[in-house]
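**Student:** Sequence first, predicted coordinates after that:
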Amino acid sequence: MPPRLNKRQLREQEELQALKTDVKQNDGDSEGQSETSSPIAPPKPVVGGFAALMADHDDDDSEEDEAAQTKSSKSKKKKKKKKSSAATPAAAPSPAPESHTPEPAPAPAAETPQPPASSSGPSKKERKALKKQKAKGKQKDDMDDVDKALAELSLKYPDLKQQLATAAASTSSPAAARSLAALLAVSLQHLDSEAELRKFFGSKVVAAAKSGAPSGPARPSVMQRSNLTRPKPTWWPAQLREGLSVRPLTADELDAGLRRHGWQPLHGEKLWTIEYSKKYRAVTLQFMRTVMSGDPEGFYQLLRLLPYHADTLLQLSEVYHHREEHSTAADFVDRALFTYERGFVGAFNFTSGANRLDFDHVENRPFFLALHRQVTDLQRRGCVRTAFEFARLMYALDPWSDPHGALLHLDYLSIKAGMTQWLIDLCEVFESDVEKEVQEGKSPYVRRIIPNIMPGIAYSHALALFMREESSGDSQHERSTAALKHAVLNHPPVVPILADKADISLSGDIRSHPAFRIHPDASMLLSDSHAIFHLLSHLYAQRAAALWKPAARASWFAQTVASVYNTLPTVPPAPPKLFFNRFENPALAWSIYRHVLVNESTCRSLFPFVPRQLLDARHLACDPLPPSTRVSEYDSEFFHGVEDMLAARPRSRRQEARFLERLVPDGPLRRQLQDLWDAHPGLAQRFPGGIIQFAQVAAEMPDMFEDMMVALADAGADGVPELREGGVMPGGMPGGEVMVNFVDPEDDIDDVEDLPLQPVAPTGQQNAGAQQQEDEDGEEDEDEEEEEVAPLPVRFVRSLVNRFWGGRSAAENDEDSDEEGQLRDTEGVD
């Protein structure tokens, strides 16, 4: 007799039987049979009592559920499981699983009355029709939900409809757009130049070099995050970065841009632009005035107003670069990148490879310039992998006009940095479109710069294939040789220049071929596109010659040239049609010229290929060669409405007194300085910021201030005799109005004529007007935020007052000021 099963074993057996029953019932449903008529193996055992009633009740419920078709599939499975569990307890006393096997034949006979069962419920066709109708209704409800969701998204994101319309009108392939975005995506871990240096030299060497480098005064250590730079403790706090924001271009701006360039819309791109705040724009206006004045010291004054002003930082970087202080110049470039990174918030992600910055807007151009200078400096330091990453970022932000010639860096940096596969993939993305344009003249990239037409990319692509074949053990080099032959046939001017730079020997017949004639300038060339063709040949050979010097590469290059030069035309070669069509467009031609101008120190020998009118025109280092398709530039229209943004805000006498008290803590000296200011009302014209600006300028630029005061004294000899006579206290001014015009002797005559002669009221009238203004302001000014100022040195203020106020000699003034200054210092005044 088999052993008796315990409760746990019985429960497991019931679960197994229920699972087997569910599987077989599901198979019966898939064949279109009803649950009541489908055979069940094993057959139902005969049960009685309440168990039989429960089973019949469950069977009726299942038939009603199938006829109504209102329950979900999940609830149906639960009910089936419940039915099985209700039917199995009667079979539980069976001693062994073998009880499921006997007599399968009587089961069909027991269930023969099938027609009555079908007549009591819906037929098979009715159930199928009901299922189809239910599926259609559900699909309609789903479509309604999708439409509602799209409507809500269109309200929440207004530019969604614009993106959908652009995608529908674009002629480019979505797959190509995704492949290109993946190739242009920036790797954040490779934007750190110090990490690359540590990889080569070790962390100890890099740390020692940083500790030995000169630096400015250390500031409180605050954690400042950045992906583009590594902020230093000497930098200003990151909270001072202000004034820059980013926004997407509107539909009208996108359409206008496509018309300006003659482009077709592309799939998967989004264009953005940086915007300046009013304060940032006003500081930019002062920056332009400082640039026109030619005084580098004025840039430091601007940094006091707005420490993170990108144009000022880049201009100071250029100043230190000409002084050959490269570390300081690179530091200012890093700060400019840090400034713009603050504005890249929201949906704009510069690492995705799909977001673009419109170079036609002047607000975006400083960031391109900062990236270009960063690439150049990283190459000087030997950080080729980091330089490649920044060049890829610069290319990703505007790959179709390539305003700073990022491809002219990427063609050789990709080989140096070990990114040969990236270069191969980049060329393959555009290969089919290039063939289509050659054969049919149609392509979504017409009038856009693409890598495959550039001489440097063509030769580097062949070299990348050769290096990959070497690493894989392919000694035939079929694909790389075909690529090099294609490069030689399309860009023959590179061959003799590269052979000379890389010390590759070519036969006399090859060198004497007309296609390999070297042009040192553009004097014998037919057009600007021909000049650019030869300029790029010189530029690539100059930068990439070291890559072709290994013996295996040099031999392969010489053999390939020897095998193909006989097929070249015997007339001087013309640029390929795709190259010629693009660089006849000034917007794309100026991208090459801009690249040469920015790299003036290394590309000066290529200036003969640049048109003379561009070299003779006046250029600004902050915006070299603005594009011909520009939307804005630093002109009167751009600065409209911001001329008075940096003018001194009118202060009440109470505000000015508190500010002056913090600036000059010494009471007697402060009163004497105030008397000096009141006695010479013409100073107000020279210092629109009032006595506060007067004292600050005197402390920051004492030499210039002394010259100005001497000129003031000479001018006052005629109109203000108090400066000559000395010893006259304030209040002795003659009655009436005095016409005063203070001019720096070094100013141009045009600036002198622009200064209007303003009537200056007597001191008493000024005080009365100031008091009236104070009464109008009331207590409202008390709550305004006050600026933090550092007190001026006591000795300087006393020397200032004694030098230009009173009748004693200069030597006597200096002695008295020293003695009194020492006494005052012992009293604890800072």
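**Tutor:** Happy to help now that I have it. Predicted, not measured: the structure shown is a model, and the values here were computed from it.
**Student:** which stretches of the stretch 151-300 of the chain form helices?
**Tutor:** 159-169, 174-184, 193-201, 203-212, 251-261, 278-293, 297-305 (DSSP state H, counting those that start in this stretch).
**Student:** average pLDDT for the fifth one?
**Tutor:** In this model, helix 251-261 carries a mean pLDDT of 93.
**Student:** which of the helices of the stretch 151-300 of the chain is buried the deepest?
**Tutor:** helix 278-293 (a mean of 18; mean count of other Cβ atoms under 10 Å). All C-beta spots, glycine's among them, are computed from the backbone N, C-alpha and C.
**Student:** Run through the neighbouring helices and strands of that one.
**Tutor:** helix 297-305, helix 310-322 (3 or more Cβ pairs under 8 Å, 6 or more residues apart in numbering; DSSP states H and E).
**Student:** and the angle for the shortest one with helix 278-293?
**Tutor:** Going back to what we said before, that points to helix 297-305. Helix 297-305 runs at 170 degrees relative to helix 278-293, counting by axes from the mean of the first three to the mean of the last three Cα atoms, to 10 degrees.
**Student:** Which residue ranges of this structure form strands?
**Tutor:** 244-248, 270-276, 355-357, 738-740, 758-760 (DSSP state E).
**Student:** Just give the strands next to the longest one in its sheet, each with its orientation.
**Tutor:** Strand 270-276 pairs in its sheet with strand 244-248 (antiparallel), strand 355-357 (parallel), by DSSP bridges.
**Student:** I'd like to know how far N349 sits from A182.
**Tutor:** 14 Å (Cβ to Cβ, to the nearest Å).
**Student:** picking that back up, any idea which of the helices and strands packed on helix 278-293 scores lowest on pLDDT?
**Tutor:** helix 297-305 (a mean of 87).
**Student:** Throw the helices and strands packed on helix 278-293 into a markdown table and include distance to S245, thanks.
**Tutor:** A markdown table is the format used below for those (distance: least, Cβ to Cβ, whole Å):
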| stretch | distance to S245 |
| --- | --- |
| helix 297-305 | 19 |
| helix 310-322 | 14 |
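**Student:** Show me the shaky parts of the stretch 51-200 of the chain.
**Tutor:** By pLDDT under 70, the low-scoring segments of the stretch 51-200 of the chain are 51-126, 128, 132-172.
**Student:** same thing but at 80, please
**Tutor:** For the stretch 51-200 of the chain, the stretches with pLDDT under 80 are 51-173.
**Student:** between N349 and A182, what contacts are shared?
**Tutor:** When Cβ atoms under 8 Å, 6 or more residues apart in numbering defines a contact, no residue borders N349 and A182 alike.
**Student:** what about stretch 182-197, start to end distance?
**Tutor:** 27 Å (Cα to Cα, to the nearest Å).
**Student:** re earlier: closest one to T339 among the strands paired with strand 270-276?
**Tutor:** strand 244-248 (6.9 Å; Cβ to Cβ).
**Student:** quick one: that closest one to helix 310-322, angle?
**Tutor:** 110 degrees.
**Student:** Taking helix 251-261 as reference, get the angle to strand 244-248.
**Tutor:** 80 degrees.
**Student:** What average pLDDT does strand 244-248 get?
**Tutor:** 93.
**Student:** Same check on stretch 482-494?
**Tutor:** 95.
**Student:** ditto for stretch 572-582
**Tutor:** Rounded mean pLDDT across stretch 572-582 is 89.
**Student:** pull the CA atoms of that stretch into PDB?
**Tutor:** Output of stretch 572-582 as PDB, limited to C-alpha atoms (Å, rounded to 0.1, in the frame of the first residue of the first chain):
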ATOM      1  CA  PRO A 572      47.200  72.100 -64.000                       C
ATOM      2  CA  PRO A 573      44.500  70.400 -61.900                       C
ATOM      3  CA  ALA A 574      41.300  72.000 -61.000                       C
ATOM      4  CA  PRO A 575      39.500  71.400 -57.800                       C
ATOM      5  CA  PRO A 576      36.900  68.600 -57.800                       C
ATOM      6  CA  LYS A 577      33.400  69.700 -58.800                       C
ATOM      7  CA  LEU A 578      32.000  69.200 -55.300                       C
ATOM      8  CA  PHE A 579      34.900  71.200 -53.800                       C
ATOM      9  CA  PHE A 580      34.600  74.000 -56.300                       C
ATOM     10  CA  ASN A 581      30.900  74.400 -55.900                       C
ATOM     11  CA  ARG A 582      31.100  74.800 -52.200                       C
END
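**Student:** related to what we said a few turns ago, among the strands of the chain, which gets the worst mean confidence?
**Tutor:** Across the strands of the chain, strand 738-740 gives the lowest mean pLDDT, at a mean of 34.
**Student:** low pLDDT regions in the protein?
**Tutor:** Judged by pLDDT under 80, the stretches of the chain that qualify are 1-9, 17-173, 203-224, 239-240, 346-347, 642-667, 669-674, 676-677, 680-830.
**Student:** so of the strands of the chain, which one's packed in deepest?
**Tutor:** Buried most deeply of the strands of the chain, by mean count of other Cβ under 10 Å, is strand 355-357, with a mean of 22.
**Student:** which residues are in contact with that strand?
**Tutor:** So strand 355-357 is contacted by 269-274, 348-349, 364, 367-368, 396-399 (Cβ under 8 Å, 6+ apart).
**Student:** coming back round to it: output the strands paired with strand 270-276 as CSV; include the columns distance to N585.
**Tutor:** Formatted as CSV, the strands paired with strand 270-276 follow (distance: least, Cβ to Cβ, whole Å):
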stretch, distance to N585
strand 244-248, 26
strand 355-357, 19
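**Student:** for those, which one sits closest to Y340?
**Tutor:** Among those, strand 244-248 sits nearest to Y340 (Cβ to Cβ), with 6.4 Å.
**Student:** Which residues does the closest one contact?
**Tutor:** In contact with strand 244-248 (Cβ under 8 Å, 6+ apart) are residues 159, 270-277, 280, 310, 339-340, 342-348, 363.
**Student:** Repeat the analysis, applying 10 Å as the threshold.
**Tutor:** 158-159, 162-163, 254, 270-277, 280, 308-310, 339-348, 350, 355, 357, 363-364, 366-367 (Cβ atoms under 10 Å, 6 or more residues apart in numbering).
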